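**Q** Dropping a prediction and its sequence here:
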Amino acid sequence: MTSASPPAATFQVSVLPSGRTFSVNPDEAILPAAIRQGIGMPYGCKDGACGSCKCKKLEGQVFHGPHQSKALSAEEEAAGFILTCCGVPLSDVVLESRQVTDESAFPIKKMPSRVTALEKKSWDVMVVRLQLPANDTMRYHAGQYIEFILRDGARRSYSMANAPHTMVKADATPPVGPSIELHIRHMPGGKFTDHVFTAMKEKEILRVEGPYGSFFLREDSDKPMILLASGTGFAPIKAVIEHMQFKGITRPATLYWGGRRPGDLYLDDWVQARLADMPNLKYVPVISNAMPQDNWTGRTGFVHKAVLEDFPDLSGFQVYACGAPIVVDSARADYSAIGKLPPEEFFADSFTTEADKHRD
C-alpha cells in the first residue's frame, strides 16, 4: 500500500479463480468499475464501513481511500487484503475472490416505482410494496437489494424480500407492473425511515436503482445451509427461502432468526407456514432480551452463538448471514475460528446504517 495519491491511469483487474477481468478508469475504485462492467464482486455498504468487499490481493498495488479499521485492520492490510469499494489500483491487479462467478450480475437499472401498500408488522418494521413500470423488467437474484435515490441525491439500501418469480401476477387484468417487497425498520431521526413511518402514502412515486449485492444462493453446491438473520436481516433470507421452494431445492437448511423481543420476529407466522411445505427447512427463533410478560419459552441469547451450540463443526456447511453488522461480523469470526467454516462458504449482507458508516 502507499499513501501517495494514485496516478491517473487505466489498469486491468483480474479475479481468480473465475478468471474474470475488467478495466478500472483513472481515479476509480475497483468495486464501482466491476459493477459498471457486470462483474458480481461481493460488497455491502460500498463506503468502507462493513468489510464485505474484502479481497486478497495476489499481485499489484492498490491505494486505499478512507475506510474504517473494523472493515480492514492494519494487520489485514499488511497481509495483502484490500477493500475494493475504496481501493484504487496503482498498477494492474490480481485478486482472489471465490464469490465471483460468471452469472452473478444482472444489469443495473434506474426506474420510478409506485408505493402500492404499507403494512406495519411490528412497532418498528414496515412492509412496503412497490410497483415497477409495466414495460420494464428488473432481473435479480433472491437476496439482492435496491437503492432508493432521494431528492437530495442521498441513497438508502433495502433488500428485496420476495423472490423474482413472485414479482408478476400472471392472472392480473389488466396486466400490472412487477412488484417488490421491502422490510423497512424505523431508525428514529432517519431521513428516509421517518418519512416511511410518518408521511409515506400509497401511490407515492420513488426512484429506485438495482439490483445490487452479492448475497444470493449458490446453487452449484449441495452443502447443508445455515440461514442466519437478525431483525430485518430476515428480508433477503425470506426471498431465498421462497426461491428454494419455487425451484424445488431440497438441501437441508436451518434458519436462525434473532430478535430482542418475540415481536421482533415480525413474520414468524410466515416461517411457520413454510415449515409445513418444506421438510428440508428447520427453524430456530432466538430472543436475546425476553421480558416476563413475553412468556418466551424458546431459545435465548445471541443468535449467532445458538448456531455453534447446535452445529459446533461447520466445516461442511454454507452460511448465509444478514442483519446488524455486529451479528454478521461476530458470526464470520466465530464460525471460521471455532466452527472451522471455510471463509469462502460464508456469504453475508451486513445492514449498515448511516450511523454505522460514521462510527469506527
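**A** Happy to help now that I have it. All values derive from a computational prediction rather than experimental measurement.
**Q** going forward, measure contacts between C-alpha atoms and count neighbours the same way
**A** Noted.
**Q** tell me the contacts of residue 255?
**A** By Cα atoms under 8 Å, 6 or more residues apart in numbering, the residues touching residue 255 are 226, 227, 228, 229, 281, 282, 283, 284, 285.
**Q** Return a PyMOL selection command for the buried portion of the residues you listed.
**A** The following PyMOL line selects those of the contacts of residue 255 that are buried, judged by 16 or more other Cα atoms under 10 Å:
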select buried, resi 226+227+228+229+281+282+283+285
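**Q** May I see the contacts of residue 255 organised as JSON lines, with pLDDT added?
**A** Below are those laid out as JSON lines (pLDDT from 0 to 100):
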{"residue": "226", "pLDDT": "98"}
{"residue": "227", "pLDDT": "98"}
{"residue": "228", "pLDDT": "98"}
{"residue": "229", "pLDDT": "98"}
{"residue": "281", "pLDDT": "98"}
{"residue": "282", "pLDDT": "98"}
{"residue": "283", "pLDDT": "98"}
{"residue": "284", "pLDDT": "98"}
{"residue": "285", "pLDDT": "98"}
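**Q** Return the member of the contacts of residue 255 nearest to residue 199.
**A** residue 229 (28.6 Å; Cα to Cα).
**Q** Give me the contacts around the helix or strand harbouring the closest one.
**A** For residue 229, the element it lies in under DSSP states H and E is strand 225-230. Contacts with strand 225-230, where a contact means Cα under 8 Å, 6+ apart, come from 237, 251-259, 303-304, 307, 317-324, 327.
**Q** Just the buried ones out of the residues you listed, please.
**A** 237, 251-259, 303-304, 307, 317-324, 327.
**Q** and the residues you listed, which of them are in helices?
**A** Within the buried ones among the contacts of strand 225-230, residues falling in helices by DSSP state H are 237, 303, 304, 307, 327.
**Q** Test my guess that residue 251 contacts residue 223.
**A** Yes - between residue 251 and residue 223 there is a contact under Cα atoms under 8 Å: 6.9 Å.
**Q** OK, contacts around residue 113?
**A** 130, 131, 132, 133, 205, 206, 207, 208.
**Q** now the residue lying closest to the fifth one once chain neighbours are set aside: how far from residue 136?
**A** Here the nearest residue to residue 205 in space, its sequence neighbours aside, is residue 114; by Cα to Cα, 6 or more residues apart in numbering that works out to 4.6 Å. Residue 114 sits at a distance of 14 Å from residue 136 (criterion: Cα to Cα, to the nearest Å).
**Q** repeat for residue 68
**A** From residue 68 to residue 136 the distance is 38 Å (Cα to Cα).
**Q** rewinding a little: let me know the closest of the contacts of residue 255 to residue 157.
**A** For the contacts of residue 255, the closest approach to residue 157 (Cα to Cα) belongs to residue 229, at 17.0 Å.
**Q** ok, for residue 161, nearest residue in space, not its chain neighbours?
**A** Here the residue nearest residue 161, using Cα to Cα, 6+ apart, is residue 235, at 4.4 Å.
**Q** Any buried residues in the longest strand along the chain, and which?
**A** Scanning the chain for the strand with the most residues, using DSSP state E, yields strand 109-122. For strand 109-122, burial by neighbour count (16+ other Cα under 10 Å) applies to 113, 114, 115, 116, 118, 121.
**Q** And for the first one, nearest residue in space, chain neighbours not counted?
**A** Looking back up the chat, that one is residue 113. residue 132 (4.8 Å).
**Q** I'd say the one you found and residue 177 touch.
**A** Yes - between residue 132 and residue 177 there is a contact under Cα under 8 Å: 5.3 Å.
**Q** These two: who's more crowded?
**A** Of the pair residue 132 and residue 177, residue 132 is the one with more neighbours under other Cα atoms under 10 Å, namely 23 against 19.
**Q** Partner strands of the longest strand of the chain and their direction?
**A** strand 125-131 (antiparallel), strand 205-212 (antiparallel) (DSSP bridges).
**Q** what is the mean pLDDT for the last one?
**A** With pLDDT averaged residue by residue, strand 205-212 scores 91.
**Q** Pull the distance from that strand to the chain's centre.
**A** The chain centre lies 15 Å from the centre of strand 205-212; the measure is Cα atoms, centre = their mean, to the nearest Å.
**Q** One more: the shortest one?
**A** If you compare the mean C-alpha spot of strand 125-131 with that of the full chain, they lie 17 Å apart, counting by Cα atoms, centre = their mean.
**Q** Which strands or helices does the next helix-or-strand element following that strand pack on?
**A** Sequence-wise, the next helix or strand downstream of strand 125-131 (DSSP H and E) is strand 145-149. Helices and strands touching strand 145-149, by 3 or more Cα pairs under 8 Å, 6 or more residues apart in numbering; DSSP states H and E, are strand 155-159, strand 205-212.
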